[in-house]
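Q: have a look at this prediction, sequence included:
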Amino acid sequence: MKKKVHKKSKRKKPTPRGKLISARAIQDLRKLAEQAGEIIPATAFGNGAFCFKKIAFEYHLGKYWPKARKNLSKKEAIYSFLNEVYRRHRKVFYKIFRENLARGIERRRNSGKPVLEAEILELNATLKSLEVDLEREILALKLPKDRPTIVPPPQEFKSIIDKIGLHPFLLPECVNLFKNGHLNEAARKALEKYEVYVQKKSSLQLIGTDLMGTAFSEKRSYVRITDTSHKRGAALQDGFKLLSMGVMGFWRNYLSHGDEKQIPHQDAVAILGVISHMMNVIDSAPSESAVDVALATTVVALPLAPRN
């Protein structure tokens, strides 16, 4: 009879025993967790989103990522992970920062909060204290010393612009300028396009407040947004005229000077939204024939003057 051959079961490789580290190293790791957490988030919404938790699993170190606990802060989660990796896999620790810092810096820039030179140099000093030398790679990034004037808006503002659905005449130029951080130019371009739009609708060659005052005059409207044969309609027409003159007199003049500071993201969204709304009002106005019929009806309804 043949002897049964017993297959030897493969033993799992034991987890490397963590090296004991000094109190100074623990302090540096806690500091690093806070600094790195400003560049690479602990966790992120959506599968595949860039964060420390995803990095842990990409490097097959998911077992070192702490389980979610009620009182576990994001900083503590990052520290716990970095502490385990630093004690057990020093080379992988180095690799994590070398391969992911640039991604984190790009993420911050795209969110509208670029990493400045001083911030990255502080992180570099902490890494050096932990005997992780990435100085050459970090200095090669050449980050700005001061916050740049042109910074892409945070993702939530980009989403707002996509969701509100700007008037087709503003697309795609105004949206592209906004998403690339040229907020003043995006708003200025929208006002310029509004001026051109009114010129086309009115067949007038005037510009600025003169154009708006003439085109939307409640007395002789080149562009009627409503039936002006009654008091409410005349008031609406007059209000739209004043609004159009106002955006030209204030926003257009303010944004025409290239030396002005970039307006806040929310202000740029507001200006683009208002201009888009005004174009939609013009588009939805009754046709001239419909207004003429309303005027004729009003005239017919007037009582005849008594004959002498």
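A: Thanks, I have it. Numbers count the residues shown, from 1 in each chain.

Q: can you count the residues close to Ala36?
A: 24 (other Cβ atoms under 10 Å). Quick note: C-beta positions are derived from backbone N, CA and C, even for glycine.

Q: same question for stretch 185-201: list its buried residues.
A: Using 16 or more other Cβ atoms under 10 Å as the test for burial, stretch 185-201 gives 185-195, 197-198.

Q: ah, wrong one, I meant stretch 158-173
A: Lys158, Ile160, Ile161, Leu166, His167, Phe169, Leu170.

Q: pull the most distant pair out of those residues.
A: Lys158 and Phe169 (20.4 Å; Cβ to Cβ).

Q: ends of stretch 207-226, what's the gap?
A: 23 Å (Cα to Cα, to the nearest Å).

Q: any idea of the mean pLDDT in it?
A: What stretch 207-226 shows for mean pLDDT is 94.

Q: how about residues contacting that stretch?
A: 195, 198-199, 201-204, 206, 228, 233-234, 236-238, 240-241, 244-245, 248-249, 252, 281-282, 285-286, 288, 291 (Cβ atoms under 8 Å, 6 or more residues apart in numbering).

Q: mind listing what's buried along that stretch?
A: Residues of stretch 207-226 classed as buried by neighbour count (16+ other Cβ under 10 Å): 209, 211-212, 214-218, 221, 223-226.

Q: filter the contacts of stretch 207-226 down to the ones in helices?
A: Judged by DSSP state H, the contacts of stretch 207-226 include 195, 198-199, 201-202, 233-234, 236-238, 240-241, 244-245, 281-282, 288, 291 as members of helices.

Q: now do the end-to-end distance for stretch 106-122.
A: 18 Å.

Q: so for it, what gets flagged as buried?
A: Within stretch 106-122, the residues that count as buried by 16+ other Cβ under 10 Å are Arg107, Arg108, Arg109, Gly112, Pro114, Val115, Glu119, Ile120.

Q: specify the local secondary structure of the last one.
A: Taken by DSSP: H, G, I helix; E, B strand; the rest coil, the conformation at Ile120 corresponds to helix.

Q: show me what contacts it?
A: For Ile120, the contacting residues are Ile105, Ile138, Leu141, Leu143, by Cβ under 8 Å, 6+ apart.

Q: what's the local residue count around the last one?
A: For Leu143, the count of nearby residues is 16 (other Cβ under 10 Å).

Q: ok so, going back, could the buried residues of stretch 185-201 be laid out in TSV, adding distance to Tyr94?
A: Shown next, in TSV, are those (distance: Cβ to Cβ, whole Å):
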residue	distance to Tyr94
Glu185	43
Ala186	42
Ala187	46
Arg188	48
Lys189	47
Ala190	49
Leu191	52
Glu192	52
Lys193	52
Tyr194	55
Glu195	58
Tyr197	58
Val198	61
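
Q: fine by me, we can end here.
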